[in-house]
Every structure is written in structure tokens, then in C-alpha cells.
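Enquirer: Have a look at this fold, sequence not included:
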């Protein structure tokens, strides 16, 4: 049983989107804890809608294309009384900006907008790390194609300031790769006459084990922390297999970030272990990312976040168990196909997933556990059938209409305007 803070047995919780793996996992945890879950998303076929724990689905305007309409929709829903609004993805940017309109109407745990905006931007997060003296790969922030070419030291990673699920992240090993990166930035509409519409980061490529850390804060105090390392990659920057492992150095670094910002709510940080086993921070998400790994390791960060959302200051949770291995079957199949796997490879991967063989020995499915939520078979089966029919689907699927629940530069700037809403 996961350790959690004390909350009422049954809360009515509104989850802000349902198309991310983070939302799907949070809904499972909420349902297993006895809470009543309602979900809003632009797509009635989002992955989280296929869950027995979703009591009611609300089809909402897309955050990316209509942030004002999305906010008005949420406000209308809140009139029906919810105990907690859970900003599971980038909706937190909008809610933090509109905190005065939401305050007093629902339980909501978010920091001030300036703090949120700082870590939501990769450039802002990099500057924060520099200010706090926390380790990151050698980094330069550039504003044009010429500055980008001058800054790159191969091999390098190039990142747009705004992006999630590896959107806007490219690896450049030589001059040809770099020109491809420049073309991609232009294709995203982020470059005009060689000048970038937003800042771009250039970092030296540091290779090593990738780790992630998740935390919940109450006004700058660290209350819960979980870490894991990537064992096998999926697609789009995700993990197919994880294993819980708390890095004490990263815990101290995340605590320092939260204390400095007076952080309130959830915060997640990615890091890479360098050759000297020194963790270098490489990304930040102002939210919980796939919280089932923590739950299965004994730490209920979702329950902790509910308590903070209700205005409580819970006792900090103890550390969870190290060495707990989990996997996401959907990510495993997508990862297999994206690396050039054919139908035989996909069938072999599927057999190992079903039987717990190979790398999945001793591992627990965290996204679509059929024993706990049989409806999860629907999106998993649809994906498996689609990949077996067309393995190349793994390369195109993440680029299709999965982004309506995410922000882009245009919607961010609309939300930041003084007259927004």
C-alpha cells in the first residue's frame, strides 16, 4: 500500500486533460483511492477516457487553440462543485495565470505565475539553475540561426524554450544535422529571416543514464519525493521500462529549487548521470509526470497533491522502495516499432509483455493494468493492431493530432497578455 497524506475518503476531482500518460496514471490512482473522477479533454477518444474510474467525461475546447474558451469551460464546470482541480499537464500554466479567478472555488495547488512560467520555459529553467549554482550541461541561449551555428559544439542538443514529450528537441552530431535542426525550427514557424520567435537552447550532449525525479511541495517545503531511472526508452522521450532509484544529490537539488521559488504543488525534473556519476539537470516539468511508478514504490504523490490542494500541510512522506521495476506496454510497442522493429519484433515484444519475460521479468504494468481497469485494453489493443498493420505508424503517430491539450508559443503569448480573459 502506498504511503499517502490523509484526505477524505471520496473527493470529487476534475482532471484537466486525458490525452497524456500522466493523466491516465493519475486517474487510476484516484480511482483506486476511492475518489470520484471527472475528466475533460478535446477528444472523446483520449487514452484516459477508457477507464472505469472516469465517472463523467466533458468534451472541452482545445487548450492550444482556444485557451480563453477552455478556461471559461472549466469555470462553468466548477460551478457544479468540485473539491479539487488537478492540473495534470500544461493546463497549469493557464490556471496559474488565472489563479484569482479560480481562487476559493476549488482546491488547487499551484505556485505563483512568475515561478511557474520560469520553469515551464527551458531557457528560464536554465537561468534558474545558473543562479542557484546547480549543475547542468554546458548551455548557451541563442536568438538567431547565426548565433545557433556559432554556439554549437558537436555533439549537441538543441531545444526550443517551449516543448513537451521531446517536441522541439533535436540532436546534432555534425553540420548536416545542424542544418536539419535549423530547417525544423523554421518549419515550426519559429524563425523569420533567421531570427527566432523565441529563445533556443544549445547544450553539449552528455551521455549517461537518464533519471527523473518527482516532488510535491507546500509553499516551498518538500513533502514527497520519488525518483527512477530509465531502463528502456519508448518513443517521444518517454520510458518503456523504469526502475525506482532515489538519487540523494538530485533530491537536494530539487528541494533547493522548490525552496527558492516557494513552490506549491507538483514539480518534476529530468537529469543525466555524467561519466563521473554526477547528476546534471536537463529539464523541468511543473507537474507530476507518470505518478504510478511512485505509487507502486510505496509513495502516493497524487494523494499528497490532493491534500496540499485542499489547503493542508501534511507530514512529509518517507522515501519509497528502491528497485521497483515498472513498464508501459504502449510505450514499449511504440519504442520497438520506432527503432525499426518489424511485425515479428512487435509480436515478440508483445509476447514478453504478456508473459513477463525478458526485460519485463518482475516488472509491473503502470499505464493500462487490466486487472485493475479492464477498459485499458481498448487503446492498447487499438495501438497493437495499428502497429502490426503498419509498423511505420510509430514514427507518424506522435506527430498527429495529439497536441490539442498542449500549449504552443502562440497560446502561451495569448495567456501572458495583460488583457487575457
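Expert: Alright, I've got the coordinates. Everything numeric in this text was worked out from a predicted model, so none of it was measured. Residues are numbered from 1 along each chain as shown.

Enquirer: Where does pLDDT dip in the stretch 151-300 of the chain?
Expert: Within the stretch 151-300 of the chain, the stretches with pLDDT under 70 are 165-166.

Enquirer: Could I get the full set of helices for it?
Expert: 175-187, 248-261, 292-296 (DSSP state H, counting those that start in this stretch).

Enquirer: outside of stretch 52-69, which residues touch it?
Expert: Stretch 52-69 is contacted from outside by 17-18, 27-28, 30-32, 36-44, 48-49, 70, 73-74, 77, 90-91, 94, 373-375, 403-408, 411, 414-415, 420-421, using CB atoms under 8 Å, 6 or more residues apart in numbering. From N, CA and C alone the C-beta is placed, and that goes for glycine too.

Enquirer: Show me those that map onto strands.
Expert: Among those, the members falling in strands (DSSP state E) are 36, 37, 38, 39, 40, 41.

Enquirer: Can you select the buried ones among the residues you listed for me in ChimeraX?
Expert: Here is the ChimeraX command that picks out the buried ones among the ones in strands among the contacts of stretch 52-69, judged by 16 or more other CB atoms under 10 Å:
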select :36,37,38,39,40,41
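
Enquirer: and the ones in strands among the contacts of stretch 52-69 as JSON lines, adding distance to residue 205?
Expert: Output for the ones in strands among the contacts of stretch 52-69, formatted as JSON lines (distance: CB to CB, whole Å):
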{"residue": "36", "distance to residue 205": "46"}
{"residue": "37", "distance to residue 205": "41"}
{"residue": "38", "distance to residue 205": "43"}
{"residue": "39", "distance to residue 205": "38"}
{"residue": "40", "distance to residue 205": "39"}
{"residue": "41", "distance to residue 205": "35"}
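
Enquirer: List the contacts of the spatially most central residue of the chain.
Expert: Closest to where the C-alpha atoms of the chain average out (CA atoms, centre = their mean) is residue 289, at 4.2 Å. For residue 289, the contact set (CB under 8 Å, 6+ apart) comprises 22, 212, 214, 268.

Enquirer: rerun at 6 Å
Expert: 22, 268 (CB atoms under 6 Å, 6 or more residues apart in numbering).

Enquirer: Please state the backbone phi and psi of it?
Expert: phi -110, psi 120 (degrees, to the nearest 10).

Enquirer: How much space separates it from residue 24?
Expert: To residue 24, residue 289 is 12 Å away according to CB to CB, to the nearest Å.

Enquirer: And for residue 396?
Expert: 22 Å.

Enquirer: same question, residue 322
Expert: 25 Å.

Enquirer: Please identify which of these two sits among more neighbours.
Expert: Shown here are residue 322 and residue 24; by other CB atoms under 10 Å, residue 24 has more neighbours (31 against 12).

Enquirer: which element is that one on?
Expert: Element membership of residue 24 [criterion: DSSP states H and E] is helix 21-32.

Enquirer: Buried residues of that helix, list them for me.
Expert: Here helix 21-32 shows 21, 22, 23, 24, 25, 26, 27, 28, 29, 30, 31, 32 as buried, counting by 16+ other CB under 10 Å.

Enquirer: Let me know the pLDDT of the fourth one.
Expert: According to the prediction, residue 24 has pLDDT 97.
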